[in-house]
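> Sequence and computational prediction follow.
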Amino acid sequence: MDIKHTEQALKKGTHAGHKLIWAGISGLLLLLGLLLAGQRYIDYHRTIASTEDRLMAQARVVDENLGANLTFINVLLTDVITMQYGASRPSAAGMNAYLRHQDDLIPGIRTILVADSHGRIIRSSREDIIGFDASGRDYFKTALTISDPSRLIITPPFQTVLGVFVVNVTRKVTGTRGEFLGIASASLDKDYFGRLLGSVLYAPDNQVSLAHTGGDVFIALPDRQPGFAGKTMVKSESLFLRHQESGKQTSIQHGRSSLMGEERIAVFITCTPPDLKVEYPFVIIVSRSRDAVLAPWRRDTAILIALYIFLWGISIAVTVAMIRYRSEYKKAEEEHLKLRHLESLKILAGGVTHDFNNLITAIIGFIEIAKKESEPGDLVHRIMAAAMKNCLQARELSQRLMTFATGGEQARAMRPIAGLIEESVKEVLDAAPLRAELELPENLRPVPIDAEQMRQVFINLVTNAKEAMPDGGVLTIMGENIHLTADDGLPLRAGDYIKLTLRDTGIGIEKENIPRIFNPYFSTKDTYSQKGLGLGLAVCYSVIRRHGGLITIDSEVGEGTTIDIYLPTFE
């Protein structure tokens, strides 16, 4: 093939390569977009379901406690009826004293009373209402309509002459022939039951209410809009009406609250304690604002969309720059096709990898977000794990270059270093034919380090040791607490340090190469080979020095290599 045909073939190959790059980048971004959309969809429904579960748990707590109180009050009213209308009836003064004692003893009750068949209060824990005509009150009139005297009647909330809303719990009293004798009734303490409802609130937008089955509100907390008490929830298309029409004891409703005027997620429970016949039972309503529940989800979604759009823009810019770079480099490659073909491809690959830094970093960030938002083992998590595996090698060189050039952003904190060393050894030597011996005492002092940068140091050093022992060997890592003074002859400030020693039984390094071992791009390996660009030890040196420490090396060919690291335990 002549030079002209060769150039034409190169141009066709270049155009095909450009199309492949565009297709690859676009395909990867579209796949990432689909994965993010799927993850957002799943997280949306997970957020709603989690809120529903928590609201249901709150409502059940109130239901159980309210049911227990109603059961106890029913027992009390039964005892009152037995005493007042039984054979051994106490005197009026004795009965009133008994009612006052029960009133004081039971925190959820304001008043206990007994009325005769005409509605006149004849016994009460409050002497000031004895003789009062209660025949016009709902709790008396409702009792007249109930045929079963064993039923516990809960009347709608009403406002007393003192301006307080109360609910009465009443039992009808009948004679041996079924004739109406009167009622025994107890009014509930709104403050006591308010504390019960308030104990389950957990968010600023959380609302818990207690209403009569007819729809009138008894208690609403927190009382953001005073005057909820006594208002009705029975309005056209209201959430309360939808619960009533469902015919279920428990229901979850989504929609606009008729009282609060906003979209709510609400759980309804009609309180019907077992073994207790209740006429007109209470309804417990626990809800949250839908907007408040979804606010974190919407915020995260907006951030992801913005980052995704930004990633598209960066990808296009980087790809255009990369393609332009490739095109310009191809011109030089055409001129030196026969003499520089292989070397030119290697150099180009190094440049392209550098240009990919921003793109790879952004993609890895999105993959990490998607992995955190997915469950281990599901499809999204597996796809993200596969994508992450393909990105890690491309990121490694960029991180090394950036760390060496600038030192990177450091987020130092006092940390024990043994864990980092153990993780690095495990990561690098997994399935390798080497044996690692760690001699790190438990009292090894913590040091102020950037964990990620220091982790990269240990990965580089352990990787070097692994490559120096291709046929197997022993890597020993020791640690000790030391105190340095000016007399020790090291270029370090006096103070407390930890000393780490890494010793391998590998091939060793020639003496003349040791002074240059930390120079950037110096390597005893083949340049641009699969083993790297000779940046590993240069990065280690840079990171250690930026942490105020020191790294030294000693080696004998055929005997192995020993590396000592000194890190200060003070800021």
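Received the coordinates, thanks.
> got any ranges where the protein has weak pLDDT?
For the chain, residues meeting the criterion pLDDT under 70 lie at 1-18, 161-162, 224-227, 229-230, 326-357, 393-410, 519-535.
> quick one: contacts for Asn206?
Going by CB atoms under 8 Å, 6 or more residues apart in numbering, Asn206 touches Gln58, Val286, Ser287, Arg288. For the C-beta atoms, the positions are set from N, CA and C on the backbone; glycine is no exception.
> Hmm, Pro281 is touching Thr270, no?
Yes. Pro281 lies in contact with Thr270 (CB atoms under 8 Å); the separation is 5.5 Å.
> And for the strand or helix carrying Arg195, what's in contact with it?
Per DSSP states H and E, Arg195 falls inside helix 190-198. Helix 190-198 has contacts (CB under 8 Å, 6+ apart) with 62, 65-66, 69, 107-108, 164-166, 208-210, 218-219, 221-222, 229.
> What of stretch 154-170?
Residues from elsewhere that reach stretch 154-170 (CB under 8 Å, 6+ apart): 70, 73-74, 77, 110, 137-140, 142-143, 152-153, 183-188, 190, 212-214, 216-218, 229-230, 278-282.
> please redo it, this time with the cut-off set to 6 Å
With contacts defined as CB atoms under 6 Å, 6 or more residues apart in numbering, stretch 154-170 is touched by 73, 138-139, 142-143, 153, 183, 185-188, 212, 214, 216, 218, 229-230, 280.
> again, but for stretch 550-560
Contact partners of stretch 550-560, identified using CB under 6 Å, 6+ apart, comprise 492, 504-506, 508-510, 517, 541, 544, 561-566.
> Just the ones in strands from the residues you listed, please.
Counting by DSSP state E, the part of these found in strands is Asp504, Thr561, Thr562, Ile563, Asp564, Ile565, Tyr566.
> Show me the strands paired with the next helix or strand after the helix holding Arg195, marking each as parallel or antiparallel.
Next helix or strand after helix 190-198 toward the C-terminus (DSSP H and E): strand 207-212. According to DSSP bridges, strand 207-212 has the following sheet partners: strand 217-221 (antiparallel), strand 282-289 (antiparallel).
> all strands of the stretch 101-250 of the chain, in order?
All strands of the stretch 101-250 of the chain, identified by DSSP state E, counting those that start in this stretch, fall at 109-116, 121-124, 152-154, 158-159, 165-166, 168-174, 180-188, 207-212, 217-221, 250-256.
> how about those, which one is nearest Gly38?
Closest approach to Gly38 among the strands of the stretch 101-250 of the chain is made by strand 250-256 (22.9 Å; CB to CB).
> The closest one pairs with which strands?
Sheet pairing of strand 250-256 (DSSP bridges) gives strand 263-270 (antiparallel).
> one step back: turn the strands paired with strand 207-212 into CSV, including mean neighbour count and distance to Thr176.
Below are the strands paired with strand 207-212 laid out as CSV (neighbours: other CB atoms under 10 Å; distance: least, CB to CB, whole Å):
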stretch, mean neighbour count, distance to Thr176
strand 217-221, 23, 36
strand 282-289, 24, 32
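> Go through the chain and flag its longest helix.
helix 3-85 (DSSP state H).
> Could you list every helix and strand in contact with that helix?
Contact analysis of helix 3-85 by 3 or more CB pairs under 6 Å, 6 or more residues apart in numbering; DSSP states H and E lists strand 168-174, strand 180-188, strand 263-270, strand 282-289, helix 290-335, helix 357-372 as its packing neighbours.
> so how far is it from its chain's centroid?
On the basis of CA atoms, centre = their mean, to the nearest Å, helix 3-85 is displaced by 11 Å from the centre of the chain it belongs to.
> If I take that helix and strand 180-188, what angle do their directions form?
Using axes from the mean of the first three to the mean of the last three CA atoms, to 10 degrees, the direction of helix 3-85 lies 130 degrees away from that of strand 180-188.
> Hey, what's the angle from helix 3-85 to helix 357-372? Just curious.
On the basis of the same axes, to 10 degrees, helix 3-85 is oriented at 30 degrees to helix 357-372.
> Next, the angle from helix 3-85 to strand 109-116.
Angle, helix 3-85 to strand 109-116, by the same axes, to 10 degrees: 40 degrees.
> Now do the buried residues in stretch 194-210.
For stretch 194-210, the buried set under the neighbour-count rule, 16 or more other CB atoms under 10 Å, comprises Gly194, Leu196, Leu197, Val200, Asp205, Asn206, Gln207, Val208, Ser209, Leu210.
> sorry, that was for stretch 267-287
267-271, 273, 276, 278-287.
> Ok, stretch 483-490 next?
Buried residues in stretch 483-490, counted by 16+ other CB under 10 Å: Leu484.
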